[in-house]
Structures are given as structure tokens and as C-alpha cells.
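> Below are the sequence and a predicted model; questions follow.
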Amino acid sequence: MRHVLLAVALLAALAAAIAVTCIVGSSPSQAGPTSRALAASERPIAFDDIAPAGLVLEQCWDAIGMDRRERVYIGFTSRRADGREDFAVFRYDPASGERRFLGTFMDAARTVGNLAPGEEIPKGHTHLVEIDGRIYMGSQGFHDLKESIDALPGYRGSHLYAYDIARDKLEDVSRALPGGVVTRYQGLIALAHAPGSDLLVGLAHPSSDIVLFDTKRNRVREVVAGIPWRLGNPLSREIVATKAGRIYTYRGTEDPARRGAVHRIWAYDLATGAMAATAYTASGGFWNGQTKTRDGRTIWLSTVNGELYRLDVASGAFTHLGTFLPREEIAAGERVDQLYGITLSADETRLYGIPRRSHARGSNLYAYDIASGAVGLVGPVPPAVYAGSDLRDSRGNIYFARFGDGASVWQGTARLAIFHPAAR
């Protein structure tokens, strides 16, 4: 009998090792056998110990990126020792493990005389985009404006920053622009590189105007009027620039109770200069995640309430793919309240994301299988808010930012989270 019990215990331990593994701290969802085809491990990278004295790292909203050497850049909304909010930028090299502090938005602006008295810069909300050896990132001087915009004239406007890799310097690019800002009063909430050009494409918050910035001439080429503002209809946190020369934008909602609201997708044509509503719509809240194939032919978009869409770049057609949860969880009444990013796997067969669910306090990593259209559980991860999109390397690692506890705490314990999902 003792031998039988020992054998059972060994088998149980082996099963636990093979099954989904991550850092403990949350309970896995109730998922069927097909949802357990993958496994993942998570490694958090902290930067608190190399931040300037008195600077507290609090949040990260989408502000991650990667250079051609696969070094990862990440920025955090932070609290300075004097109580003002700033944005701190770091770099992590997965090959060597080196971590570096690159500077803060306020300090970079002050160095060139472009910080106004009393100005704070709490948000870097954009992807960190590399163009010709420079990592670009945009700012806004406020946290959010989803409803009334009466307070907008009280803010100076958006800065555009670039970290010059060769010169090892974080610069305030907007210092040479009229008024020292890219958009007066407004923020830059999203950035993308228009493929095959020198254009950096920005999305102004809250107007949804499209800002075309010429990185060679260091000037704003044009500001295109965006989707008309309407109370309770905030703009997305993504702007989509395609190799077909079109730029897509969208306004939606955020409250999970309004996930069913349907809104039109708009497109701007770089060749013709036309900005118009398309024939396609979306629901599930505004866009808050995107990832694309290496050839740029397919782009996936996720909404803040967990709906998944595919864009065929050549035709401009959008297809709704469903909710980013396993079917069995949806059948049991589970829903996605917030999803802040998705990332394509290195072999381009799966999409990964970590949603906040309506009935669960814990956090889970899920994978959408592109061939079958099924969403499966990868495994539980530390409870937190996870954000960031389209960040993966050639070694099979995927990257998200994380902070808070995923439930009631929305700041603190800010980290870069590295996952390495096992091959099937």
C-alpha cells in the first residue's frame, strides 16, 4: 500500500510540473482539456533600484518597445520626491540582463528649457517606436479625459521625445516646434510608424486628430481632423498605420456595461488625403491592443472589453473573431472587463493576452490559436494589471508591463513581465 501511495504522489507531482506553470497567486480558470496545451513561466524585471532617489514607479500604459537588437524599452508614470508626476524611461537587455535608466520626460524638457513653470508630465501612453536608430515616445500632461473636456485649456500640450541609441541621450524633440509642443493643450496617446516612410503617426487625445510628424525634417507635416468628439465616446488607445498607406482610427466606450455599443471604424488615406468612415464597425469598447505579422499583411486588434478583430491590410477588411476567453468560460458567464494588449507569438501561430475578468480576482495568460480560432488557458500569472502590445523576440519571449494587484490597486509594483510560453 505504501508503494502505491508513493507512486500516486510521484505521478501527481509529475502532472503538476507538466501542467500549466506560472508564479503562484491566482487560481486558473475552469477550462477544458484542449485549453491546457501550452505552458508558460513569468519573470519580472524591476527597475526601482536603479531609478533616481525619490522617484516612485507607479504605472505603465502601453509604453513599451524594442530596438533592432531586441533590447526592450519601458516607461513608467512616476511620482517625484517633490510630489509632481513625471515619466521615467528604462532599457532592459535580455541577452545580458543589463538594466539602464535613460531619463525622465521632465528632466529632458528642462535640460533644453522646454519645461513650463509648474508643468507635470504624468503620461507616456504611446508605444515606444524605433525609426532610424531613435526610439520615439509621446507624452500628455494629464491622465485621461473620457467624459467632459472642460479642463483641456489648462494643459500646455504634448511633447515628443526620442532616445538616440548611438548618442545615448533622451531628447525633447518638440523643443524646436512652435510653442515647444506637438499638440497644444492635448496629449499624444498613441504612436505608430507609417511603413515605408519617415512619418511618425500620432493620435491626439481627446480630439482623435491624426498628427503626421516628419522624422527627417523634425516637423509636423500635417494635422488631420479626427473622428468628431462626442461625450461618452472616447478615442481608442491605438492608431493603425499600414503598408497599404492607410491609417485607421476608432472611437468606442470603456465601461463594460456598454460593451455592446457599436461604432464606425474610420480611415485616412495618405495618398489622397481623404479621411472618412469605412464600411466596418466594431464593438466591445475602444481599441486597446494591436499586433501584426512580420510582413505587415495582417494586423490583429483587441478592444478594451476583450473583443478580437483581424484587419486584412490589402483589402482593408475587418473581421470580428470573438471574445478573448475560452468558450467554456464564456458559457459559464465570465466576461472580459479590461484587456490592455495582445502580442503575436514568434512563430505567428498564436496571440497572447492577459485580460481582467468580470468574476475573477486572479490573472491568467490566454492564447488565441489563429488556425482554429480557439482561445485556451496558458496559465495563472501574478495578479496585476497587464498592458502593452506587439512585443516579442526571436527567442520566443513575449513582454508585457505589469503593476498593481489586478483588483483594487492600480499602481505600484511596476515591472516588465517576461513570459516564455512553451512550444506545443
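Great, that's in hand. Residues are numbered from 1 along each chain as shown.
> show me where pLDDT drops low in the stretch 301-424 of the chain?
Residue ranges of the stretch 301-424 of the chain with pLDDT under 70: 423-424.
> Now do the strands in it.
In the stretch 301-424 of the chain, strands defined by DSSP state E, counting those that start in this stretch lie at 307-312, 317-323, 336-338, 342-344, 350-353, 356-357, 363-369, 375-381, 385-387, 398-403, 415-419, listed in chain order.
> Partner strands of the fourth one, with direction?
Partner strands and pairing direction for strand 342-344 (DSSP bridges) are strand 350-353 (antiparallel).
> ditto for the third one
If you go by DSSP bridges, strand 336-338 pairs up with strand 356-357 (antiparallel).
> Then the last one?
With DSSP bridges as the test, strand 415-419 is paired with strand 42-45 (antiparallel), strand 398-403 (antiparallel).
> Quick one: the ones you listed as a markdown table, columns for distance to Tyr366 and mean neighbour count too.
For the C-beta atoms, the positions are set from N, CA and C on the backbone; glycine is no exception. Shown next, in a markdown table, are the strands paired with strand 415-419 (distance: least, CB to CB, whole Å; neighbours: other CB atoms under 10 Å):
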| stretch | distance to Tyr366 | mean neighbour count |
| --- | --- | --- |
| strand 42-45 | 14 | 16 |
| strand 398-403 | 12 | 25 |
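> Throw those into JSON lines and include distance to Leu191, thanks.
JSON lines is the format used below for the strands paired with strand 415-419 (distance: least, CB to CB, whole Å):
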{"stretch": "strand 42-45", "distance to Leu191": "23"}
{"stretch": "strand 398-403", "distance to Leu191": "16"}
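> Nearest to Asp150, out of these?
The closest of the strands paired with strand 415-419 to Asp150 is strand 398-403. By CB to CB, the value is 29.2 Å.
> neighbouring contacts of the closest one?
Outside strand 398-403, the residues within contact range by CB atoms under 8 Å, 6 or more residues apart in numbering are 44, 58-64, 66, 72, 74, 76, 341, 343, 345, 352, 354, 382, 384-388, 391-393, 410-421.
> for Arg80, what are its contacts?
Shown in contact with Arg80 (CB under 8 Å, 6+ apart): Gly54, Leu55, Asp86, Met106.
> tell me the pLDDT at the third one?
Asp86 is assigned a pLDDT of 97 by the prediction.
> you'd agree Tyr247 is in a strand?
Not quite, residue 247 is Ile, not Tyr. Yes - assigned with DSSP: H, G, I helix; E, B strand; the rest coil, Ile247 falls within a strand.
> Excluding covalently adjacent residues, which one is nearest to it?
Excluding the flanking residues, the one nearest Ile247 by CB to CB, 6 or more residues apart in numbering is Tyr268, at 4.4 Å.
> Now that neighbour: which helix or strand?
Using DSSP states H and E, Tyr268 sits within strand 263-269.
> Quick check: Asn114 vs Asp49, distance?
To Asp49, Asn114 is 30 Å away according to CB to CB, to the nearest Å.
> Is Asp62 in contact with Val129, as I believe?
No - applying CB atoms under 8 Å as the test, Asp62 and Val129 come out as separate, 11.3 Å apart.
> So which bits of stretch 149-162 are buried?
Leu152, Tyr155, Arg156, Gly157, Ser158, His159, Leu160, Tyr161, Ala162 (16 or more other CB atoms under 10 Å).
> same thing with stretch 230-243?
Residues Asn233, Pro234, Leu235, Ser236, Arg237, Glu238, Ile239, Val240, Ala241, Thr242, Lys243 are the ones in stretch 230-243 that count as buried (16+ other CB under 10 Å).
> Bridge partners for the third one, pull those for me.
The one in question is Leu235. Bridge pairing for Leu235 - DSSP bridges - gives Arg251.
> By pLDDT, give me the weakest of the buried residues of stretch 230-243.
Asn233 (91).
> what about the closest residue to that residue other than its chain neighbours, how many neighbours?
Distances taken as CB to CB, 6+ apart place Arg251 nearest to Asn233, at 4.9 Å, with adjacent residues excluded. Residues near Arg251, counting by other CB atoms under 10 Å, number 22.
> Could you pull up the residues touching Arg251?
Counting by CB under 8 Å, 6+ apart, Arg251 has contacts Ser208, Ile227, Arg230, Asn233, Pro234, Leu235, Ser236, His263, Phe286.
> Mind putting the residues you listed into a markdown table with distance to Asn364?
Conversion of the contacts of Arg251 to a markdown table gives the following (distance: CB to CB, whole Å):
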| residue | distance to Asn364 |
| --- | --- |
| Ser208 | 32 |
| Ile227 | 33 |
| Arg230 | 35 |
| Asn233 | 30 |
| Pro234 | 27 |
| Leu235 | 28 |
| Ser236 | 24 |
| His263 | 28 |
| Phe286 | 23 |
